[in-house]
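S.K.: got a predicted model here, sequence first, then my questions.
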Amino acid sequence: MLPINTLKFLISGGLLGLLLCSVLLLIVIYRLSPILQSRRKLSLRDQHINPVPRYGGIALFWGFIGALFLVWWLPFDQRGLGLQLLPDNRLAGMCIGGFMAWAIGFADDIFLVRARWKLTWQIGIALLSIGFGFDIHTLQIPFFQAIDLGLWSWPLTVLWIVGVMNAVNLIDGLDGLASGVTIVALACLATICWWQGQMSLLLLIFILIGSTMGFWSFNRPPAKVFMGDSGSLFLGYIVAVLCIWVFETPAGAQSMLPILIMAIPLIDTVFAVFRRLLKGIPFYSADKDHLHHRLIGKGFSPTQAMLFLITASVLFGVLALVAYQYRHLQGFTLLGGVFSAYLLLYWLEYDVIRKPFSSILGQGDQKKHRVLMMALGEQIEKFFAKDRDRESIISSYRFWSEMAGVSRFEVRLRDTVVWQSGSKNHLHRVLLFQHGAWEVRMALPESSWKIDSDVKGDLLERVSLAFLARLEQLEAPSVIHIKKQIKFLK
């Protein structure tokens, strides 16, 4: 048991983080969000129709940092418990790396940073973290002895840090899910710190748990604020480096148990990347086929889906704690985790799991179909330039929209329908694009927009606006005015 005074200090640190984060969230929701109007529009995969502030990462990061500074100045170290007792290089590295992760996420929340630049920045953060001592150079693999990674040390460390950052980012698609799963992971790390007697590191984790719980109280369904990329990348980075810090043995070896602690985000991310590459979709593009989307498709409410995945995360965390206490069971617990992940994906009816061979072999035609759609979308102005009348341009647009999975579209001129195709279905998602006096309304079934939703949304906008611009150009009067200059001769 922890001494009562130590427990009081730990709880005080957590409450301080919770209080600061909650106060900052109120400022973000009611003061900053109206000023920081994001350029990001509603996408095909949004769960909320009404806009929700997506700057909760401001409160998460600065609430955590503010609590750290306050605890630093409090006389905790006089009780043998204080942040001053932690290695300076790692504490500074974690704060600097956390700020960089928050900064690139915040820039993306406002300006929409391209995926390649975000990935480059994340790799830079991981390399910087290695310089501050967060590296994996020896790995203890179950059923085998510790393996010296040698030249593979840096690539594996970068893969872990970047992977966990993006795992938390990708699972942040449902109210309260990313923050809830992070709290479970931090609780597991806190338990191990307690068993190890690392009270100063436990204090740091308590502060982060408090900050995250303060955010979760505003983010649980129905969410009043989102953490945005700034919050998810910050939390992902902190959890990644804390796993390296907590599980490192005195000999410098690392365990594979963090994989169990972060099982739900990692399963979702690894399977999402595999699924997208298999279907010919860029691995960085968003879709609507994550674990929580499948649960909602099975009839779960958003709250039930969130609680289900948080409970699953707790079970994986318990497996990790059992494996840590009983080292001879580590291999079996990891195998149990892999089997549990397989059962979860099978129950969620992913074709790649249930029918792997037929699913993989059947992706060829879909890839060709998508490549043609993307190629025409990139050169859509040239594709429409060949059409010389209204009927031809509408026919070309219909050809492309059918490839994109559009079930119905209407073309309107000054609110008058001039063309329509397909039957109405109130269950389909409706998009509207306008250019001048022209307007197009299209409907997409769920089977169309749940895959590659962000890229497809951008393409639909680009093609539709080009289509409307071409219609406007064709309808414009083609009269050439000639100026005559008359010269008077004297």
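M.R.: Sure, I can see it.
S.K.: can you give me the strands in this structure?
M.R.: Assigned by DSSP state E, the chain shows strands spanning 138-140, 146-148, 253-254, 408-413, 416-421, 429-435, 438-444.
S.K.: please enumerate residues in contact with the last one?
M.R.: If you take CB atoms under 8 Å, 6 or more residues apart in numbering as the criterion, strand 438-444 is touched by 44, 397, 401, 404-413, 415, 422, 424-425, 428-433, 460, 464, 467-468, 471-472. Placement of C-beta: from N, CA and C, glycine included.
S.K.: excluding its backbone neighbours, what's nearest residue 244?
M.R.: residue 134 (4.9 Å; CB to CB, 6 or more residues apart in numbering).
S.K.: so how far is residue 152 from that neighbour?
M.R.: 16 Å (CB to CB, to the nearest Å).
S.K.: which one's more surrounded, these two?
M.R.: residue 134 (24 against 14; other CB atoms under 10 Å).
S.K.: for that one, give me its contacts.
M.R.: Counting by CB under 8 Å, 6+ apart, the residues that residue 134 touches are 90, 93-94, 157, 161, 241, 244-245.
S.K.: same question for residue 406.
M.R.: With contacts defined as CB under 8 Å, 6+ apart, residue 406 is in contact with 422, 442-444, 448, 460.
S.K.: tell me the two of those that are most distant?
M.R.: Farthest-apart pair in the contacts of residue 406 is 422 and 460; separation 14.9 Å (CB to CB).
S.K.: of the two, which one has the most company?
M.R.: residue 460 (23 against 16).
S.K.: can I assume that one is in contact with residue 430?
M.R.: No - Residue 460 is beyond contact range of residue 430, at 11.7 Å (criterion: CB atoms under 8 Å).
S.K.: and the nearest residue to residue 213 once chain neighbours are set aside, how close does it get to residue 24?
M.R.: The shortest distance from residue 213 to any non-neighbouring residue, by CB to CB, 6+ apart, is to residue 18 (5.6 Å). Distance from residue 18 to residue 24, counting by CB to CB: 11 Å.
S.K.: between those two, which contacts overlap?
M.R.: Joint contacts of residue 18 and residue 24 (CB under 8 Å, 6+ apart) do not exist.
S.K.: CA atoms of stretch 240-257 as PDB?
M.R.: Coordinates of each C-alpha in stretch 240-257 appear next as PDB, following Å, rounded to 0.1, in the frame of the first residue of the first chain:
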ATOM      1  CA  ALA A 240       4.500   6.300 -26.500                       C
ATOM      2  CA  VAL A 241       7.400   7.800 -24.600                       C
ATOM      3  CA  LEU A 242       6.000   6.900 -21.200                       C
ATOM      4  CA  CYS A 243       5.700   3.200 -22.300                       C
ATOM      5  CA  ILE A 244       9.400   3.300 -23.100                       C
ATOM      6  CA  TRP A 245      10.200   5.000 -19.800                       C
ATOM      7  CA  VAL A 246       8.100   2.800 -17.600                       C
ATOM      8  CA  PHE A 247       8.900  -0.600 -19.100                       C
ATOM      9  CA  GLU A 248      12.700  -0.100 -19.400                       C
ATOM     10  CA  THR A 249      14.600  -2.500 -17.100                       C
ATOM     11  CA  PRO A 250      17.800  -1.500 -15.300                       C
ATOM     12  CA  ALA A 251      19.700  -3.300 -18.000                       C
ATOM     13  CA  GLY A 252      18.000  -1.200 -20.700                       C
ATOM     14  CA  ALA A 253      15.800  -3.900 -22.100                       C
ATOM     15  CA  GLN A 254      12.200  -3.200 -23.300                       C
ATOM     16  CA  SER A 255       9.100  -5.300 -23.100                       C
ATOM     17  CA  MET A 256       6.400  -6.000 -25.700                       C
ATOM     18  CA  LEU A 257       3.700  -5.500 -23.100                       C
END
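S.K.: neighbours of the closest residue to residue 374 other than its chain neighbours, how many?
M.R.: With CB to CB, 6+ apart as the criterion, residue 374 has its nearest non-adjacent residue at 7.2 Å, and that residue is residue 459. If you count neighbours by other CB under 10 Å, residue 459 ends up with 19.
S.K.: how far away is residue 378 from residue 372?
M.R.: In terms of CB to CB, residue 378 sits 11 Å off from residue 372.
S.K.: domain parsing of this structure, as residue ranges.
M.R.: With domains defined by automatic domain parsing, the chain comprises 4-254, 386-474.
S.K.: pick the most buried one from those domains.
M.R.: Highest mean neighbour count among those (mean count of other CB atoms under 10 Å): domain 4-254, with a mean of 19.
S.K.: how long is it from one end to the other?
M.R.: Start and end residues of domain 4-254 are separated by 32 Å (CA to CA, to the nearest Å).
S.K.: where exactly do the helices run in the stretch 1-150 of the chain?
M.R.: Along the stretch 1-150 of the chain, the segments classed as helices by DSSP state H, counting those that start in this stretch run 4-27, 33-35, 56-73, 88-111, 115-131.
S.K.: out of the ones you listed, nearest to residue 317?
M.R.: So among the helices of the stretch 1-150 of the chain, helix 4-27 is nearest, using CB to CB, at 18.4 Å.
S.K.: ok, and what's touching the closest one?
M.R.: Contacts of helix 4-27 (CB under 8 Å, 6+ apart): 2, 56, 58-60, 62-64, 66-67, 70-71, 76, 79, 81, 199, 202-203, 206-215, 217-218, 225.
S.K.: quick check, distance from it to the centre of its chain.
M.R.: 27 Å (CA atoms, centre = their mean, to the nearest Å).
S.K.: now do that helix against helix 56-73, angle only.
M.R.: 140 degrees (axes from the mean of the first three to the mean of the last three CA atoms, to 10 degrees).
S.K.: quick one, what contacts residue 65?
M.R.: Contacts of residue 65 (CB under 8 Å, 6+ apart): 95, 98-99.
S.K.: these into JSON lines, with extra columns for distance to residue 296 and pLDDT?
M.R.: As requested, these are exported to JSON lines (distance: CB to CB, whole Å; pLDDT from 0 to 100):
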{"residue": "95", "distance to residue 296": "37", "pLDDT": "95"}
{"residue": "98", "distance to residue 296": "32", "pLDDT": "96"}
{"residue": "99", "distance to residue 296": "35", "pLDDT": "97"}
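S.K.: nearest to residue 303, of the residues you listed?
M.R.: Once CB to CB is applied, the member of the contacts of residue 65 that ends up nearest residue 303 is residue 98, at 29.7 Å.
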